[in-house]
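Enquirer: Predicted model and sequence follow; I will ask about them next.
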Amino acid sequence: MEAAELKLEMTPAQAVERLEGDLDLSRGELAVTLSATPRTLERWRAGATHPQRDARRRLAALLNLDEHLRDTFTDWEAAREWLRAPSPYLGGLTPADALRAGRADRVEAALEALDSGVFV
């Protein structure tokens, strides 16, 4: 089974909790990153609703990014340092700022560049 499929087996509540903690995003920032509202995230947490197509795809993409960070860095503090450091690949923005702006795709690309040795 592919990694993305495994991540989708996680409940939306578990996914939101994990992403808030791992990516060091507030509920509002995570909502922006997912193109949702904080109220929608609360409904996901409560199990009252579930993410639909686009939101589910964005949630899976963030979970994949989270897993990619875990695979790339030896410990979670190193991953958080990378998320907080200005990145030339992101035009001087930190990866966390790019996430807050809803650009998880750019953060994933920066992480792929790091993995391939672009900034080593």
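Expert: Perfect, thanks for sending it.

Enquirer: isn't G47 right up against Q14?
Expert: No: shown here, G47 and Q14 do not form a contact pair, counting by CB atoms under 8 Å, at 10.7 Å. C-betas here are computed from N, CA, C, even on glycine.

Enquirer: So which of the two has more stuff around it?
Expert: Q14 (13 against 10; other CB atoms under 10 Å).

Enquirer: tell me which residues in the strand or helix carrying R70 are buried?
Expert: Element membership for R70 (DSSP states H and E) is helix 53-72. Using 16 or more other CB atoms under 10 Å as the test for burial, helix 53-72 gives 55, 58-66, 68-69.

Enquirer: what would these look like in TSV with pLDDT and distance to L41?
Expert: Shown next, in TSV, are the buried residues of helix 53-72 (pLDDT from 0 to 100; distance: CB to CB, whole Å):
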residue	pLDDT	distance to L41
A55	90	10
R58	90	12
L59	92	10
A60	90	15
A61	90	16
L62	92	12
L63	93	14
N64	92	19
L65	94	17
D66	94	16
H68	95	22
L69	95	21
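
Enquirer: which among these gets closest to L93?
Expert: Nearest to L93, judged by CB to CB, of those is L65 at 15.5 Å.

Enquirer: Spit out the contact partners of the closest one.
Expert: 104, 107-108, 111 (CB atoms under 8 Å, 6 or more residues apart in numbering).

Enquirer: Repeat the analysis, applying 10 Å as the threshold.
Expert: 19, 22-23, 33, 95, 99, 104-105, 107-108, 111 (CB atoms under 10 Å, 6 or more residues apart in numbering).

Enquirer: Narrow the residues you listed to just the buried residues.
Expert: So, by 16+ other CB under 10 Å, the buried ones in the contacts of L65 are 19, 22-23, 33, 95, 99, 104, 107-108, 111.
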